[in-house]
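# I'll drop the sequence and a predicted model, then ask my questions.
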Amino acid sequence: MYKRTIFIIVLSFCFFNTQCDEDDIVIDNGIICDQDIMVDEDLYNNLDSNNFLFNNIEIIDDCLTIEFAASGCDGNTWEFGLVDSGAIAESFPEQRYLKFQLINEELCLAVFTKSVSFNLKPLQIEGSNEIILNIEGFEEGITYSY
């Protein structure tokens, strides 16, 4: 009887602990992105990043998901950011320029893969429904339709 009571209490905590992470960004349609994109020309021009390799980049609804690999001990202390230059190329469709930042203080030689998503809504351009995202270090532009 005692074990059953403990099991029910533990199971209850599992169901009640389903809220979103405080850092998650909830977009209007209920989609959850991990972080917002920063639009800052000075930060873009002076951005430092540790080494990493892009594995995949894709857009799901209004979230840009970046999967990347880097060396480290376990990747749990890594910090990420995505910075837009603020410049908009007047092409059709318009283009924006971004840099991905990895802050990695881990000094191990193992390689880990992580995935992080960013809210694309701040990059939308009024009067347009599509832009090309040029991410430094990624060979091809990513089309974002909204």
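Thanks, I have the structure now.

# All the strands of the chain, residue numbers only.
Taking DSSP state E to define them, one finds strands in the chain at 25-26, 32-33, 35-36, 38-39, 53-60, 63-72, 79-89, 94-103, 110-119, 130-135, 142-145.

# Parallel or antiparallel, list what pairs with the second one.
In the sheet, strand 32-33 lines up against strand 25-26 (antiparallel) (DSSP bridges).

# Just send the strands of the chain back as a markdown table, with mean neighbour count, distance to residue 46 and mean pLDDT too.
For glycine as for every other residue, the C-beta is placed from the backbone atoms N, C-alpha and C. Listed next are the strands of the chain as a markdown table, based on neighbours: other Cβ atoms under 10 Å; distance: least, Cβ to Cβ, whole Å; pLDDT from 0 to 100:
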| stretch | mean neighbour count | distance to residue 46 | mean pLDDT |
| --- | --- | --- | --- |
| strand 25-26 | 15 | 24 | 58 |
| strand 32-33 | 18 | 25 | 95 |
| strand 35-36 | 16 | 19 | 96 |
| strand 38-39 | 16 | 13 | 98 |
| strand 53-60 | 13 | 21 | 98 |
| strand 63-72 | 19 | 21 | 98 |
| strand 79-89 | 17 | 10 | 97 |
| strand 94-103 | 18 | 10 | 98 |
| strand 110-119 | 17 | 20 | 97 |
| strand 130-135 | 18 | 17 | 98 |
| strand 142-145 | 14 | 24 | 98 |
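
# Any idea which of those gets closest to residue 45?
Residue 45 lies closest to strand 79-89 among those, at 7.6 Å (Cβ to Cβ).

# how far does the closest one sit from the chain's center?
In terms of Cα atoms, centre = their mean, to the nearest Å, the gap separating the centre of strand 79-89 from the centre of its chain is 12 Å.
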